[in-house]
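1. got a predicted model here, sequence first, then my questions.
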Amino acid sequence: MHRKILRLAIPNIISNITVPLLGLVDLAVVGHLDGIWYIGAVALGGTIFNFVYWSFGFLRMSTSGLAAQRYGAGDTAGAREVLQRALFTALAAAALILLLQVPIDRISFLLLEGPEKTEHFASRYFFIRVWAAPATLMLYALNGWFLGMQNARYPMIVTLVINLLNILFDLLFVLGLQMTSDGVALGTLLANYAGLATALWLLHRRYPGTLRPLPLSRLLHAPALRAFFHINLDIFLRTLCLILVFTFFTARSAVFGDTLLAVNTLLLQFFTFFAFFLDGFAYAAEALTGRFMGARNIRFLRHSVRDLFLWGTFLSIPFSLAYLLGGNALLGLLTDNAGVLEAARPYLPWVVAIPLISFPAFLWDGIYIGATSSRGMRNTMIFSTLVVFFPVWYFTRHALGNHSLWLALILFLISRGLTMALLAKRYIFTLPKTSHHAHHQRDRDRRTDREGAGSRQLSQ
């Protein structure tokens, strides 16, 4: 089981580590231009897309869980149907973004105020990069499906292709052709379509026939479509709560002044860095949980959960020790501002605690996604947000000041891990009954959808 976990986790960790590298390159190339507004334009434009695409993160998560369950059940036809339905949804969502691009732009800059020149170039950045929406959302579906099929290597390859090409395009368009922030947007656009082409080629190479069109009536089959969108809605609401918590954390930090805003922003990077590593194991949890749920193998499911938590513990302890012993030195790598460094010291204990108390929430997220138990994940997130995070902040804000935000965040993370653990028996370790009709339908789909080597290839 440990080998299976690492085979799925390590490629995702490698993919995650390349993401901040790309962001640094984007800022570095525009940072060498004459106008400081280009840096702000890329930052503001990137914030808009982070919010829009993060809202559609359910496409990757639901596709991963559903595909993993079909894989575990040996249901080739069902796995093919999951992918095509996800791609259909991705294209519909991308079309909606493109149709609403002008209102999105205007609303965004009402909320994200900046200097006039910065907003001008940020808007230009937005209107170029927005045309990458079809590629970006289709990649969510494809990468989620690959992971569900126990294949973490293909998403890693696709991510590396996108990020490396993006860096090359940055250098060509911005430094070579002097296209300023427009060049960064165009580079991202082209890199995403190159990534999509790579993903489709890999799909055809390993899983031939998967994109052979299914009848529209099957893709739009009402019960299946209803279940698909129900899962996606639950994950969307869960993600919305997460966005709300971290947006509120940053917004309230600003109320305490520029120094504490800088402190909280820098200290959150410690949390983000840990998340890059733990997310790899959360993705492994998605794939393995879905696989064993689909195979209806509770024994292996329990073993995988146990081993995932062993890895979570094994990873979190050295991170907490590193933050305890080297927190000041790590902060010194992020800033040389003496005032910020001095102001950050009282808050370092919160950062030391984060790896140890947050890893259960990460892993349970992956387990619930793999089990497609979206309702349980949604309810625990809403509870932790509305009953824990906001009340804790509200009742302690006057007495604790900035510490109240960190206390609320820590208890929010503990609450998420604890509530999902308490509900696991109901949502994870009790397999749903499969009706005779469902068995009959699956057998009929297999008979009508057999391909040359489909079943063998989808199970590799």
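-> In hand now; what should we look at?
2. nearest residue to the middle of the protein?
-> Centroid-nearest residue in the chain: residue 57, 5.9 Å away (criterion: Cα atoms, centre = their mean).
3. pretty sure that residue contacts residue 141?
-> No: between residue 57 and residue 141 there is no contact under Cβ atoms under 8 Å: 11.4 Å. For every residue, glycine as well, the C-beta is placed using N, CA and C.
4. quick one on the thing from earlier: ok, the residue nearest to the centre of the chain - contacts?
-> 140, 235, 239 (Cβ atoms under 8 Å, 6 or more residues apart in numbering).
5. just the ones of those residues in helices?
-> The helices, defined by DSSP state H, take in 140, 235, 239 from the contacts of residue 57.
6. what's the spacing between the residue lying closest to the last one once chain neighbours are set aside and residue 68?
-> In this structure, residue 239 finds its nearest non-sequential neighbour in residue 57, 5.5 Å apart by Cβ to Cβ, 6 or more residues apart in numbering. Residue 57 sits at a distance of 17 Å from residue 68 (criterion: Cβ to Cβ, to the nearest Å).
7. ok, which stretches of this protein are strands?
-> Secondary structure of the chain (DSSP state E): no strands present.
8. could you chop it up by domain?
-> As recorded under automatic domain parsing, the domains making up the chain are 1-220, 227-452.
9. ChimeraX command to pick out the buried ones of the ones in helices among the contacts of residue 57?
-> Command for ChimeraX that selects the buried part of those, burial taken from 16 or more other Cβ atoms under 10 Å:
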select :140,235,239
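10. could the ones in helices among the contacts of residue 57 go into a markdown table alongside pLDDT and distance to residue 167?
-> Output for the ones in helices among the contacts of residue 57, formatted as a markdown table (pLDDT from 0 to 100; distance: Cβ to Cβ, whole Å):
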| residue | pLDDT | distance to residue 167 |
| --- | --- | --- |
| 140 | 92 | 22 |
| 235 | 88 | 31 |
| 239 | 86 | 28 |
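11. residue 391: which of the ones in helices among the contacts of residue 57 is nearest?
-> Closest approach to residue 391 among these (Cβ to Cβ): residue 239, at 21.6 Å.
12. quick one: contacts for the closest one?
-> The contact partners of residue 239, taken as Cβ under 8 Å, 6+ apart, are 54-55, 57-58.
13. show me the shaky parts of the chain.
-> Along the chain, the model assigns pLDDT under 70 to residues 19-28, 31-36, 112-115, 334, 431-460.
14. so which of the contacts of residue 239 is the closest to residue 347?
-> residue 54 (25.8 Å).
15. quick check, the closest one in contact with residue 244.
-> No: applying Cβ under 8 Å, one finds residue 54 not in contact with residue 244, separated by 11.7 Å.
16. quick check: neighbours shared by those two?
-> If you check residue 54 and residue 244 against Cβ under 8 Å, 6+ apart, no residue is contacted by both.
17. where does the residue nearest to the centre of the chain fall, phi/psi-wise?
-> Phi and psi for residue 57, reported as degrees, to the nearest 10, are phi -60, psi -20.
18. go on, residue 423?
-> Here residue 423 shows phi and psi, under degrees, to the nearest 10, equal to phi -90, psi 0.
19. for it, which non-adjacent residue is spatially closest?
-> Nearest-residue entry for residue 423: residue 376, 5.1 Å, with adjacent residues in sequence omitted and distances by Cβ to Cβ, 6+ apart.
20. do you know how far that neighbour is from residue 363?
-> In terms of Cβ to Cβ, residue 376 sits 14 Å off from residue 363.
21. ok, those two, which is more surrounded?
-> Per other Cβ atoms under 10 Å, whichever of residue 376 and residue 363 has more neighbours is residue 363, with 23 against 19.
22. verify the contact between the more buried one and residue 281 for me.
-> Yes: counting by Cβ under 8 Å, residue 281 is a contact partner of residue 363 at 6.4 Å.
23. any common contacting residues for the two?
-> 308, 312.
24. for the contacts of residue 57, give me a markdown table that also has distance to residue 405.
-> Listed next are these as a markdown table, based on distance: Cβ to Cβ, whole Å:
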| residue | distance to residue 405 |
| --- | --- |
| 140 | 31 |
| 235 | 26 |
| 239 | 21 |
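25. nearest to residue 350 among those?
-> Using Cβ to Cβ, the contacts of residue 57 come closest to residue 350 at residue 239, 23.8 Å.
26. from residue 162, how far off is that closest one?
-> Computed as Cβ to Cβ, the residue 239 to residue 162 distance reads 22 Å.
27. what residues are up against residue 383?
-> Here residue 383 is in contact with 415, 419 (Cβ under 8 Å, 6+ apart).
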